[in-house]
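> based on what follows, work out the 3D shape:
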Amino acid sequence: MNTRTNEAPENVRLIGGEMLLWSDMSTMGGVTEWRGAALELIRRMVPESGRVLLVGPHPLLLVDEVVAQAPAAAVLLRSYPDACALGERHPGLAVFCGRLEVFEAEQPYDLVLALDGLLRTHSAEAPAAAWIESLDALAALVAHGGRLVLGVRNDLGVDRFMEARPADREGGDDQWAPHGFDPSYPSGPGALDSGLESAGLRVQRCYAAYPGRQAPRALLSREALARDLPEALTFPLSARGGDRMLVADPLRLTRLVFRHRLGEQLAPLWLAVATRPHHEALRHEALRHEALRHEAPHDDDLHDDLHDEPYDAPYDAPNDDLPLGLVEEGASLYELTPAGLRRLPDGDERPIPAGRVVEEILVEACAREDVRTVRELLAELAAWLEAGGDPSAATDGLVYDGERFAAIGPAVLPATTPDPRVVLCRILWRFAVRLQAAGHHHPWPWPLEADQLALTLCGMAGRPCDPGDLDLARKLDAELGQPAELAEQAPTYRDLLGARDRLADQLTAALARISRLETKLSYRERELVRARSKLRRIQRKAAAYRRTLGYRLSRRLARPGKVARRVIRLLSG
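Okay, the predicted model is just below:
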């Protein structure tokens, strides 16, 4: 035993396979930052009288929430420094340090949380177990009637198609055994369900986490994803990272995922909630499957046995406390309901507005150079603002169903009611910044700056603005606390390729025109040389003719005649 174990707090227990010099929490880049949506889900599942176990590294905020709410909680970590730090933070928390495969619980737990997955439950002291073997060891810790919440990262998530950097080294040294070579790792929601069922668990609900695996803001169940979700809900679920090297526009790619109803298959990660049924429920389930598999007459006794022992729902964990979905919008948290969204903790339920996002309509119209559609939509937007529309609206926060506009999020009212023309100028200025920053095509000159483009769009809406209105629009944007800094990110790699192709086409056309003009110029220069040569020959002939005797005599004889004609005109005059 290492001598450093003497420094461990009293509530830290080493079980074998601990990593004495490694810390998973020192750099949280590879650990998912579960926030409001996940915390709300966990709050609803923590039992009032039961035992809770956290397996693997979790954000400290989530650990603090579970320790404060659960009657008895324990943590299993592989990192010795992390275990000591957590033991000092929560002296009453039982902290086990070591590998998952060697952990033996005195009693099973009513709730087991492994939101970080199973990859960080292995140790460098032994070969990593297969994913399905780790799942079996984890499922053995769940009590009958208890629950397991398991996070699983998707190797084919939509965020994998956006990030240009390789994802297999994002966690650093903990990736000594890439799970991509593990054939038992789930390849999709169906494989995840099969793995949980093979471990003796029954899936209650499986959530797709968006927009990315680093900091999910929304949890959407497969029941919700099976429906045609409104764009007002799916449009904000796009991953926009600060220092990410993006291959494609996350907004457009995520929108395509939801439009084609692939939100569950291409989710960045899944969060599965499964339960271990009681013995009675398991026996009833086995009898039911046996009865369905055999339909012969001699199975009557089996059917009678099945009906004599009906399935007792209270033996299993209830499913009605699991939400259909949870969505974060800024500092607010909403629960997805069949009728719309309900603000938590006790807000009113409101329907989700229908229609297309205004920014998408404008971007598509600009790509087609459909100036008429842009002009008509902006004129209707200006009329809506003058009729009392949301002064904090933006093109990426409005939907339009062909008749009316509706804001996606709650309105943020400024201190004083601004002029509708200034509000329109602010909206169009933000759109101009986003349009040029993303590298989208538009029918106006490319050297046009965002400020000039915003003033052009205001004129197209029939509400001309001047630079003074633009300054007021910027001040209003700062007052609302919605700076357009997110739109000032560098274009994605695919956008750069598209811009390069467009510029290459323009350059090819310009070079072809220059070549034609050079050919015409060369022809004109040759014609000019010929004309000059002909003029010099004519000049030499004229000079030679003027030197002849006949020309000189004719010139002298013509002079008296001219004098006589002048005298006659004077006398007759």
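> show me where pLDDT drops low in the stretch 201-350 of the chain?
Scanning the stretch 201-350 of the chain for pLDDT under 70 picks out 239-249, 279-320.
> how about 90 then?
211-215, 226-263, 277-321, 328-334, 337-350 (pLDDT under 90).
> the stretch 51-200 of the chain now?
In the stretch 51-200 of the chain, residues with pLDDT under 90: 106, 119-120, 122-129, 155-183, 187.
> which non-adjacent residue is nearest P443?
Nearest residue to P443, sequence neighbours excluded (CB to CB, 6 or more residues apart in numbering): E369, at 4.0 Å. Where you see a C-beta, it was placed from the backbone N, CA and C, and this is true even at glycine.
> distance-wise, check the residue nearest to D182 when sequence neighbours are not counted relative to L53.
Using CB to CB, 6+ apart and skipping the chain neighbours, the partner closest in space to D182 is W131 (5.2 Å). Look at W131 and L53: by CB to CB, to the nearest Å, they are 19 Å apart.
> quick one: which of the two has more around it?
L53 (27 against 19; other CB atoms under 10 Å).
> three-state assignment of that one?
Following DSSP: H, G, I helix; E, B strand; the rest coil, L53 is assigned to strand.
> contact partners for the closest residue to it other than its chain neighbours?
Distance criterion CB to CB, 6+ apart; nearest residue to L53, sequence neighbours excluded, is Y109 at 4.2 Å. Y109 makes contacts with G50, R51, V52, L53, A74, L141, V142, A143, G146, as judged by CB atoms under 8 Å, 6 or more residues apart in numbering.
> F235 too?
Counting by CB under 8 Å, 6+ apart, the residues that F235 touches are L251, R255, V357, E360, D396, I408.
> which ones among these map onto helices?
The members of the contacts of F235 that map onto helices under DSSP state H are L251, R255, E360.
> how near is the second one to V363?
When distance is defined by CB to CB, R255 is 11 Å away from V363.
> and those two? Which one has more around it.
Neighbour tally, R255 and V363, criterion other CB under 10 Å: the higher count belongs to V363, 21 against 18.
> helix or strand right after the helix or strand where that one lies?
Assessed by DSSP states H and E, V363 sits inside helix 358-367. Using DSSP H and E, the next helix or strand after helix 358-367 towards the C-terminus is helix 371-386.
> the lengthiest strand in the chain pairs with which strands?
The single longest strand within the chain, with elements called by DSSP state E, is strand 142-153. The strands beside strand 142-153 in its sheet (DSSP bridges) come out as strand 109-114 (parallel), strand 269-275 (antiparallel).
> let me know which of those strands is tucked in deepest.
Comparing these by mean neighbour count (mean count of other CB atoms under 10 Å), strand 109-114 ranks first with a mean of 25.
> relative to strand 51-55, how tilted is it?
20 degrees (axes from the mean of the first three to the mean of the last three CA atoms, to 10 degrees).
> what are the C-alpha coordinates of strand 109-114, in PDB please?
What follows is strand 109-114, C-alpha atoms only, in PDB (Å, rounded to 0.1, in the frame of the first residue of the first chain):
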ATOM      1  CA  TYR A 109     -28.200   1.200  -4.200                       C
ATOM      2  CA  ASP A 110     -31.600   2.600  -4.900                       C
ATOM      3  CA  LEU A 111     -30.100   5.100  -7.400                       C
ATOM      4  CA  VAL A 112     -26.800   4.700  -9.300                       C
ATOM      5  CA  LEU A 113     -25.600   7.700 -11.300                       C
ATOM      6  CA  ALA A 114     -22.900   7.300 -14.000                       C
END
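> could you identify the helix or strand that succeeds that strand?
helix 131-139.
> can I get that next one in CSV? Just the C-alpha atoms.
The C-alpha coordinates for helix 131-139 follow below in CSV (Å, rounded to 0.1, in the frame of the first residue of the first chain):
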residue,chain,number,x,y,z
TRP,A,131,-18.1,-1.8,-22.1
ILE,A,132,-20.7,-4.5,-21.6
GLU,A,133,-18.6,-6.1,-18.8
SER,A,134,-18.4,-2.7,-17.0
LEU,A,135,-22.2,-2.3,-17.5
ASP,A,136,-22.8,-5.7,-15.9
ALA,A,137,-20.7,-4.7,-12.9
LEU,A,138,-22.5,-1.4,-12.7
ALA,A,139,-26.0,-3.0,-13.0
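> where do the helices of the stretch 201-350 of the chain begin and end?
With helices called from DSSP state H, counting those that start in this stretch, the stretch 201-350 of the chain shows them at 222-225, 231-234, 250-259, 279-293, 300-308.
> the second one packs against which elements?
The reference is to helix 231-234. Counting contacts by 3 or more CB pairs under 8 Å, 6 or more residues apart in numbering; DSSP states H and E, helix 231-234 is packed against helix 250-259, strand 356-357.
> paired strands for the last one, with orientation please.
Spelled out, that is strand 356-357. As defined by DSSP bridges, the strand partners of strand 356-357 come to strand 398-400 (antiparallel).
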